[in-house]
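>>> make a model of this:
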Amino acid sequence: MGAHFNRILISDLRVRWGSCTPSGNLNFSWRIMKAPVAVIDYLIVHELAHLLETNHTPRFWNIVSVQVPQADKAREWLREHGDTLEVDF
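Sure thing, here's the model as predicted:
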């Protein structure tokens, strides 16, 4: 993708699955490890794409869809099943 990040942090994010900081740090909720691999791939690419395009512009979504052709299915899975990832064991 040509995106270069600074650090990756896995933590107990409660509001979102991942984020990208202006300094190039990628943050992910540990809960995503319970998602299907295709969904994890989508989330990683989504955050990396923010390093190339900050906002959710058409260019941003094009970057994501080129890297993850099934991105729409991954987003739909998160909408339908994301709450199951919230369950703490």
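>>> just give me the neighbour total for the residue nearest to Leu52 when sequence neighbours are not counted.
Using Cβ to Cβ, 6 or more residues apart in numbering and skipping the chain neighbours, the partner closest in space to Leu52 is Ala3 (5.4 Å). All C-beta atoms are positioned from the backbone trio N, CA, C, and that covers glycine. Using other Cβ atoms under 10 Å, Ala3 is surrounded by 17 other residues.
>>> how about Ala3, phi and psi?
Phi and psi for Ala3, reported as degrees, to the nearest 10, are phi -90, psi 140.
>>> does it touch Leu48 like I think?
Yes: applying Cβ atoms under 8 Å, one finds Ala3 in contact with Leu48, separated by 4.4 Å.
>>> give me the low-pLDDT residue ranges for the protein?
Residue ranges of the chain with pLDDT under 70: 87-89.
>>> quick check: bridge partners of Asn27?
Beta-bridge partners recorded for Asn27 (DSSP bridges): Leu9, Ser19.
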